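Undergrad: okay, predicted coordinates and the sequence, questions at the end:
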Amino acid sequence: MIHDNVEQAKKASSCSHQPQNDAAKQQMEMEAMIKDNLAKIKNKIFVLSGKGGVGKSSVSANLAIALAKKGYKTGLVDVDVHGPSIAQMFNITELLDISPDTKQLLPKQVNENLSVVSVQALMQDKDQAVIWRGPAKTGIIKQFVGSVAWGKLDYLVIDAPPGTGDEPLTVVQTIPDARGIIVTTPQEVALADIRKSISFCKTVKMETLGILENMAGYTCPHCNQHIDLFKSGGGEKTAKAQGLNFLGSIPFDTRVVESGDEGVPVMTYEASGPFKDAFEKVVDNVLKQFEG
């Protein structure tokens, strides 16, 4: 079930050139592996958005770090096949290893409580374009759930590409008890798209933890004037109108950009400040729904 590179995984995910019995056997084996792995993972958080550019991946990365720092065993899986960024955010430059005993992929250990998997860590060339159709993407996502040695986890955070296409649908079908966090920015063009994400969650009957408003204002470091870069309050208004929880507003902070490029998410090290304080409130609001 494990393949040496993405091209093998791509070919293996298509049943058209396999004998029917072999394809059915492989599918049954994968489903059994997925079921076994998911039984060891207590809570699953699916981070999604209606459009790109709202900071969904940075939210996923910092959420995973924050949970790990609180002592929770946490896994982070990047299923954005065409635009993976989690590997860069954690400075993962080496390929994933394979366990000689179980033949499962070994996630990269960021610290004692956090392990990460990304399609980027299966590619020899990080700039290589992944030109796949639906079946190939479905296959690799299922492998990231079933063929990875996640072990026992308190939380698995899933970072998906924006929109409501193959990848989000595969996540929901593969991890039916995942609960969603919808990320947006305050302006209407983003809010219009997250309403589609809300509709997606309702259609596939996925429980939604709430809406998180990202990049909600910026404080000038020179004059301390607050600037609403993308308006303000839209995420909270949308949550109220849709009957969803509002998880909080996160301010725009250049340190998030810098830390992502450096491969160390800002929640790893930042002392108390506007971003960290706001993000901690979001994490607390998420945890209350799992622990309350």
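TA: Yes, it's here. Numbers count the residues shown, from 1 in each chain.

Undergrad: which stretches of the chain have low pLDDT?
TA: 1-19, 270, 292 (pLDDT under 70).

Undergrad: go again using 50 as the cut-off
TA: Within the chain, the segments meeting pLDDT under 50 span 1-4, 10, 15-16.

Undergrad: which residue of it lies farthest from its centroid?
TA: The centre of the chain is farthest from one residue, C223, which by C-alpha atoms, centre = their mean lies 35.6 Å away.

Undergrad: quick one: secondary structure of that one?
TA: Here C223 takes the coil state, with states given by DSSP: H, G, I helix; E, B strand; the rest coil.

Undergrad: check contacts around it.
TA: Contacts for C223 (C-beta atoms under 8 Å, 6 or more residues apart in numbering) come out as none. (Each C-beta comes from the backbone N, C-alpha and C, glycine too.)

Undergrad: state the distance from it to A24.
TA: Counting by C-beta to C-beta, to the nearest Å, the gap from C223 to A24 is 66 Å.

Undergrad: try L212
TA: 41 Å.

Undergrad: can you check G71 too?
TA: Per C-beta to C-beta, G71 is found 42 Å from A24.

Undergrad: please apply the same query to K237.
TA: Distance, K237 to A24, using C-beta to C-beta: 49 Å.

Undergrad: the two: which is more packed in?
TA: Using other C-beta atoms under 10 Å, the more surrounded residue of K237 and A24 is K237, with 15 against 12.

Undergrad: now the more buried one: which helix or strand?
TA: Per DSSP states H and E, K237 falls inside helix 234-242.

Undergrad: list the helices and strands the helix or strand that that helix is followed by packs on?
TA: Going down the chain from helix 234-242, the next helix or strand is strand 246-249, by DSSP H and E. Counting contacts by 3 or more C-beta pairs under 8 Å, 6 or more residues apart in numbering; DSSP states H and E, strand 246-249 packs against strand 208-213, helix 234-242, helix 274-291.

Undergrad: list the contacts of strand 246-249.
TA: Contacts to strand 246-249, defined as C-beta under 8 Å, 6+ apart, come from residues 181, 186, 209-213, 216-217, 232, 235-236, 239-240, 278-279, 281-282, 285-286.

Undergrad: rerun that using 6 Å as the cut-off
TA: Here strand 246-249 makes contact (C-beta atoms under 6 Å, 6 or more residues apart in numbering) with 210-213, 216, 236, 239, 281-282, 285.
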